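Asker: Okay, predicted coordinates and the sequence, questions at the end:
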Amino acid sequence: EPKKKAAFGSVGRRIPHRILHLINQDGESLGNVHRAEALKLMDQHDLKLVLLQENAEPPVYRLMTGQQIHEEQLRRAEKKKGSPKPGVVQKELSFSSAIAKNDLETKTKQIAHWIEKKYHVKVTIRQAK
């Protein structure tokens, strides 16, 4: 079974790579360093090591504070939530032109709720007899 990709977060001391490209907490590149040097910097500055790009050669790691990791996790979750899912959801609502005021308000609230969820909404108004 394929190994699942771990969620964004600290890798701790489990670094499978000998040489890695290191970025400090301010976003500045420290160049390629040995894993022991990265662990030493991590301990000295009381930071956590986070894997950014595993497929790069050498893999890219970043030193981050717990707060930075938390903010990045929230940012990624928000981005994932906002991205459209495969297969667009379409909602359809139809009502008569002689609809009562309270029914119209209820259906309007339902339409607004669907639009918030980024659904495609189709509204059909039938002419009353």
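Answerer: Structure received. Residues are numbered from 1 along each chain as shown.
Asker: show me where the protein has strands.
Answerer: 19-23, 29-34, 48-53, 60-64, 90-96, 120-126 (DSSP state E).
Asker: For residue 80, which of those strands is the nearest?
Answerer: Set against residue 80 and scored by Cβ to Cβ, the strands of the chain come closest in strand 48-53, at 17.0 Å. Glycine gets a C-beta too; all of them are placed from N, C-alpha and C.
Asker: how distant is the closest one from the center of its chain?
Answerer: Relative to the centre of its chain, strand 48-53 is centred 16 Å away, using Cα atoms, centre = their mean, to the nearest Å.
Asker: Could you do stretch 54-61 as well?
Answerer: 21 Å.
Asker: Which residues belonging to that stretch are considered buried?
Answerer: 59, 60, 61 (16 or more other Cβ atoms under 10 Å).
Asker: Test of understanding: give the bridge partners of the spatially closest residue to the last one that is not a sequence neighbour.
Answerer: On the basis of Cβ to Cβ, 6 or more residues apart in numbering, the spatially nearest residue to residue 61 that is not a chain neighbour turns out to be residue 20, at 5.0 Å. Counting by DSSP bridges, residue 20 forms beta bridges with residue 33.
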